[in-house]
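>>> Just a sequence and a predicted model for now, questions to come.
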Amino acid sequence: MRKFWSILNKEFLLLLRDFPGLIILFLMPVLLIFVVTLAQENALKSQNARTRILFVDELKSPFSQKLHSSIDSSGFFKPVAYIGNVPVSHSQAKALIGQGDYKFGVIISHPDSAIVLLIDPTLQETFKSSVINSLTYIIKGTQNKEAMNNILSNLPGNMQPAIRSIVAEAMQKLPPVRESYALREKSAIQPNVIQNNVPGFILFAMFFIVIPLAGSLVTEKNEGSFQRLRSLPVKLSAILGGKVIAYMLVCLVQFILMMGIGTWVFPTFFGFPPLDLGQQYLAIVIATIAASLAAVGFGIIVGAAATTHNQAALFGSVMVVLLGVISGTFLPVNLMPGFIQYISYLSPIRWGIDNYLNLFVREGNIASILPNTVLLILFFGFAMTTSIAIFAKPK
């Protein structure tokens, strides 16, 4: 036992002396979660803000006025028909949109000609498609109302009030549309950007221990200290066990740090809703231990396989970034192509993120995180077994 504590003490001393490694372990994930969360929140606010659209009305008809009103009352768009006190012309709209001052324009020029939607050619395809679909829906809806009014106006005068009353009454009876989340009954958790981002960056931070952990293993192998330890009456399991315990504690500190950012820093300084942990605290502990073991196992197997410090650092950092990207750390998995979504099921980072999402968003319990927890522990077992086999191989 004394040998084990000596090895553990050595690991903590190495960690404390590795200042660049500590910066990577703690400062970089913190900076990333701030940058990504604030960027996402700003993007959401931009989406909720009304998009300004140039409205060129050369027709000056009742229909064009109704269309202007429909676009304005949609809540998503702000039609701009005048610049200063001068109506916007077709050529002026084309010039302003072409140079990026406005992103879209609606041109109504003749009753028999098409309604033209002018588009900034530099727009991202998904944003362009969503806006064009919404504008087309509003235009078609206004045209349908206009067509209905024309039909009603051609009916005998004594029938028009009755039919209009019937139509208006039928429209009022249509059920409203409201938003709801597929959560459990009486759920206190409300999904938000914090609930979704913190789990991803917990795993991302944990797996970035691959750089200092693998680097320390490579350094010990190259400098001969690992061989000297092996020559002493110290088991390989004790040597690696000291690293496992030391870096597991680092992962737990990272978890606490991310929890503090989600529950205190973001609400206090940025006005975001606080991270809601739910009530399944034992399940959170189990999920955190399993994720920590998987992260430590990943770092040890990279350190065991690498022969130089540059190999370990480059391969480890690139793999963590790739696994984080496909696992939903920076972008929701459901927005990715189908084949990448299938590949992400092989990522231990995704297993850990899904565990936290089950607890923080879906209000799951131990049973709901059990499959991914087993996968994380099996991954740790595979990594340790493989690493021991590599170290035991004669040089």
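Yes, it's here.

>>> May I have the predicted confidence score for the closest residue to residue 38 other than its chain neighbours?
Distances taken as C-beta to C-beta, 6 or more residues apart in numbering place residue 270 nearest to residue 38, at 7.3 Å, with adjacent residues excluded. Glycine gets a C-beta too; all of them are placed from N, C-alpha and C. Note on residue 270: pLDDT of 88.

>>> what do you get for the one 3 residues further on?
Confidence at residue 273, expressed as pLDDT, is 86.

>>> tally of neighbours for it?
Using other C-beta atoms under 10 Å, residue 273 has 14 neighbouring residues.

>>> circling back: hang on, isn't the residue nearest to residue 38 packed against residue 193?
No - with contact defined as C-beta atoms under 8 Å, residue 270 does not count as touching residue 193 (10.5 Å).

>>> And those two? Which one has more around it.
Remark: of residue 270 and residue 193, residue 193 carries more neighbours, 17 against 12, as counted by other C-beta under 10 Å.

>>> Residue 93 and residue 393: what is the separation?
Going from residue 93 to residue 393 by C-beta to C-beta, to the nearest Å gives 72 Å.

>>> Same drill for those two, tell me which one is more crowded.
Each of residue 93 and residue 393 has its neighbours counted (other C-beta under 10 Å); residue 93 has more, 23 against 8.

>>> Now do the contacts for that one.
Contact partners of residue 93, counting by C-beta atoms under 8 Å, 6 or more residues apart in numbering, are 54, 56, 102, 105, 107, 118.

>>> tell me the secondary structure for it?
Classification of residue 93 using DSSP: H, G, I helix; E, B strand; the rest coil returns helix.

>>> Next, work out how far apart it and residue 138 are.
Distance, residue 93 to residue 138, by C-beta to C-beta: 18 Å.

>>> thought residue 274 was touching residue 262?
Yes - the pair residue 274 / residue 262 is scored as a contact, 7.0 Å apart, by C-beta under 8 Å.

>>> Name the residues contacting each of the two.
residue 194.

>>> Count the residues that sit near residue 282.
By other C-beta under 10 Å, the residues close to residue 282 number 10.

>>> Mind jotting down where the strands sit in this structure?
Using DSSP state E, the strands of the chain run over 51-57, 77-80, 82-83, 86-87, 104-108, 116-119.

>>> which neighbours does the longest one have in its sheet, and in what orientation?
Right, strand 51-57. Take DSSP bridges as the rule and strand 51-57 pairs in its sheet with strand 77-80 (parallel), strand 104-108 (parallel).

>>> CA-only coordinates of it in CSV, if you can.
Output in CSV follows, covering the C-alpha atoms of strand 51-57 (Å, rounded to 0.1, in the frame of the first residue of the first chain):
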residue,chain,number,x,y,z
THR,A,51,-35.3,39.9,-40.3
ARG,A,52,-35.5,43.2,-42.2
ILE,A,53,-36.8,42.7,-45.8
LEU,A,54,-37.0,45.3,-48.5
PHE,A,55,-40.5,45.7,-49.8
VAL,A,56,-40.8,47.2,-53.2
ASP,A,57,-44.5,48.0,-54.0
